[in-house]
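Novice: Got a predicted model here, sequence first, then my questions.
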Amino acid sequence: MKKYWLVLFLIALTSAVWLWGRDLIWTPEKAQVQYKLTNVEGKDMVNTVSATGELSAVVTVEVGTEVSGQIKELLVDYNTPVSAGQVIARIDKESYETLMR
């Protein structure tokens, strides 16, 4: 007699779980496909690149001079490409002209 009630209980439990699971998975609202429509808009694309760590120059060049003094005008910035003979800085003439007199 106990087996009979156990089998009946298991059948009822399985049926309840199946009906409950079927309602969660398949409902009439989920069965219909719904689309959301909108107008096409043209916008600018933006690319952003980010990095972490230390940056270093590909080529480092030591620049020296035979005349020392205060820099009056700096014509290039860091990592600016330069060519041979290009003026990169102007030295204030007052500092070395006073020594020449």
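Specialist: Received it, and whenever you're ready, just let me know what you need.

Novice: you'd agree residue 11 is in a strand?
Specialist: No. Residue state for residue 11 (DSSP: H, G, I helix; E, B strand; the rest coil) corresponds to helix; a strand is not indicated.

Novice: I'd like to know which helix or strand in the protein has the lowest mean pLDDT.
Specialist: Using mean pLDDT, DSSP states H and E, helix 28-31 stands out as the lowest-scoring helix or strand of the chain, at a mean of 61.

Novice: Which helix or strand lies directly C-terminal to it?
Specialist: The first helix or strand that comes after helix 28-31 along the chain, using DSSP states H and E, is strand 71-74.

Novice: now the helix or strand just after that following strand, how far from the centre of its chain.
Specialist: Next along the chain after strand 71-74, taking DSSP H and E as the criterion, comes strand 89-91. Distance of strand 89-91 from its chain centroid, counting by Cα atoms, centre = their mean, to the nearest Å, is 40 Å.

Novice: Sheet partners, orientation included, of strand 89-91?
Specialist: Strand 89-91 sits in its sheet next to strand 71-74 (antiparallel), going by DSSP bridges.
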